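Peer 1: What follows is a predicted structure for the sequence shown.
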Amino acid sequence: MNLKKVSNAPLIATLLLSLAGNASASAIDDLVQTLITKGILTEAEGALLLQRRENAPSAISESVVPQPTARVEVGKKGLVVKSHDDSYSMAIGGRLHAELMSHSNDQDLTKSATDGTDIRRARIYLKGRANTDWKYAIEADLAGNKVSMKDVFLVYTGIENWDFTVGAQKHALSMEVQESSNDIMFTERGMTVALSTPYFDRALGINAKRYARNWNIQAGLYGDQFSPESSGDNDEGYGIAARGSWALINQKDRVFHIGASYGLRSTDNNNATNGKSDFKYETTNGSNLKLLDTPSIDGLDKITINSLELAAMRGRFSFQSEFTQASAQRDMAADLDFNAWYLQAGYTLTGESRSYKGSDGEFKRLKPATEFSLEKGTWGAWEVAARLDHLDLDDGSATSGGSGDRYTLALNWYLNYNVRVMADYSRVYNLDNGPVTRLNGADADNIDTFTLRTQWAF
């Protein structure tokens, strides 16, 4: 077959350029040289084609390279969407705590307990990373047939080992307050929260945190909580809080932790903070049985709180304790002083160690070595725990909220990372001078509570 060299040169050039994105440079060079040798192209035409190939737009080759895309993951952490470089992410998760509660030895009290079932927490959250240096969280609770906001904040992480948080967040106070309800060993927190959470739980504010693997120190300035009680015509009060912790030993199965915190909260112009002006202990959420409860504190001006922490872990055994002292400062009257403490210990029957994070100074959720599966014959993780705690809301003749002790025994079954069943038995005893008494006027005593919770969190 005779080919006209000049008339075929444009067609050959188009063919070579179309192949440029899919063939190596040496292969194109060899093809052009063969066409010159066969006399199909002249030397000048071959040189021109090679030059045009080198100057061809890179889009031809780039068009066949897959572009980076977002990744979607569904697992223990819920639904997670991440950008190809992990600089942006969004996770959707939540928690559901369904409870059954029952009391005994409360039939002849001036105020009996309410027994039954309860959706203690029903939360859904959206959290993630917005660019490399920013994190965010939005969490709402739907329990109680109402919507309440929990964590709603933005965190700047652009300085190494520093976090700067603005928004609704927990005060920098107390190990017991800081730990998530998903992670604690008991259905109810220690009695120290009767002094802390009414005034030092979540609030809108700013917080700065400096941390390393074994320690953290943080402090913040806060307004009032998100609640109907803190709105209206009253000017808000304010709060400050600071907490530091140090894990002198921080290994996978060994921990020794110490910590301390301080908080101050000023009242609004109605001598209350977050709509509250008292301290109380309720046996469980929704029981309406407040065995220890101060009257409303007249002229309340400021509340200060101090807390010391000591915790340890060795293998399957863990220990945690706190001592808390609170002072209610009043206008035109003497200060009122209250205190509380707890000692608790846990033992994992199946051999796992609890998780501890030194940069937060707190224990995290226990992770079972095997998940519950009838097919595989595995049963997850089992944990037993015991706690002794005390609350004193008496201050001589100045006010009387009563004092008492409580012990709690717990059995926890971790079916997998996301599902846990908790069974707690507790007894409140040594009650003295409390607002609830026997019908014959004697102190209420030996009040028993049984709680069963199914927890689902992701």
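Peer 2: Looks like it came in fine. Numbers count the residues shown, from 1 in each chain.
Peer 1: which stretches of the stretch 51-200 of the chain form helices?
Peer 2: Using DSSP state H, counting those that start in this stretch, the helices of the stretch 51-200 of the chain run over 59-62, 175-178, 193-200.
Peer 1: buried residues in stretch 376-391?
Peer 2: Neighbour counts over stretch 376-391 (16 or more other CB atoms under 10 Å) mark 379-383, 385, 387-391 as buried. C-beta here means a position set from N, CA and C on the backbone, and glycine is covered the same way.
Peer 1: actually stretch 103-121, not the one I typed
Peer 2: 103, 106, 109, 113, 115, 118, 120-121.
Peer 1: Now flag whichever of these is closest to residue 426.
Peer 2: Nearest to residue 426 out of the buried residues of stretch 103-121 is residue 103 (CB to CB; 10.1 Å).
Peer 1: So the closest one versus residue 284, what's the distance?
Peer 2: 8 Å (CB to CB, to the nearest Å).
Peer 1: what is in contact with those two at once?
Peer 2: With contacts defined as CB atoms under 8 Å, 6 or more residues apart in numbering, the residues shared by residue 103 and residue 284 are residue 449.
Peer 1: In JSON lines: the buried residues of stretch 376-391, plus secondary structure, pLDDT and distance to residue 343.
Peer 2: As requested, the buried residues of stretch 376-391 are exported to JSON lines (DSSP: H, G, I helix; E, B strand; the rest coil; pLDDT from 0 to 100; distance: CB to CB, whole Å):
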{"residue": "379", "secondary structure": "coil", "pLDDT": "95", "distance to residue 343": "29"}
{"residue": "380", "secondary structure": "coil", "pLDDT": "97", "distance to residue 343": "27"}
{"residue": "381", "secondary structure": "strand", "pLDDT": "98", "distance to residue 343": "23"}
{"residue": "382", "secondary structure": "strand", "pLDDT": "98", "distance to residue 343": "22"}
{"residue": "383", "secondary structure": "strand", "pLDDT": "98", "distance to residue 343": "17"}
{"residue": "385", "secondary structure": "strand", "pLDDT": "98", "distance to residue 343": "11"}
{"residue": "387", "secondary structure": "strand", "pLDDT": "98", "distance to residue 343": "7"}
{"residue": "388", "secondary structure": "strand", "pLDDT": "98", "distance to residue 343": "5"}
{"residue": "389", "secondary structure": "strand", "pLDDT": "98", "distance to residue 343": "7"}
{"residue": "390", "secondary structure": "strand", "pLDDT": "98", "distance to residue 343": "9"}
{"residue": "391", "secondary structure": "strand", "pLDDT": "98", "distance to residue 343": "13"}
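Peer 1: okay, these in TSV with distance to residue 306 next?
Peer 2: Formatted as TSV, those follow (distance: CB to CB, whole Å):
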residue	distance to residue 306
379	43
380	39
381	35
382	36
383	31
385	26
387	21
388	21
389	17
390	16
391	16
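Peer 1: Most widely separated two among these?
Peer 2: Once CB to CB is applied, these give 379 and 391 as the farthest pair, at 36.6 Å.
Peer 1: Just name the closest of the buried residues of stretch 376-391 to residue 279, please.
Peer 2: residue 391 (8.7 Å).
Peer 1: Show me what the closest one bridges to in the sheet.
Peer 2: residue 340, residue 404 (DSSP bridges).
Peer 1: returning to that earlier point: tabulate the helices of the stretch 51-200 of the chain (a markdown table), appending distance to residue 294, mean neighbour count and mean pLDDT.
Peer 2: Converted to a markdown table, these look like this (distance: least, CB to CB, whole Å; neighbours: other CB atoms under 10 Å; pLDDT from 0 to 100):
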| stretch | distance to residue 294 | mean neighbour count | mean pLDDT |
| --- | --- | --- | --- |
| helix 59-62 | 72 | 11 | 46 |
| helix 175-178 | 20 | 24 | 95 |
| helix 193-200 | 10 | 24 | 93 |
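Peer 1: any chance of those helices in CSV, with distance to residue 239 too?
Peer 2: Output for those, formatted as CSV (distance: least, CB to CB, whole Å):
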stretch, distance to residue 239
helix 59-62, 56
helix 175-178, 13
helix 193-200, 7
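Peer 1: How many residues are close by residue 78?
Peer 2: Applying other CB atoms under 10 Å, we find 18 residues neighbouring residue 78.
Peer 1: For it, list the residues it contacts.
Peer 2: 91-94, 458.
Peer 1: Residue 364 now?
Peer 2: 180, 183, 354-357.
Peer 1: Can you say which of those residues are buried?
Peer 2: Buried members of those, scored by 16+ other CB under 10 Å, are 183, 354, 356.
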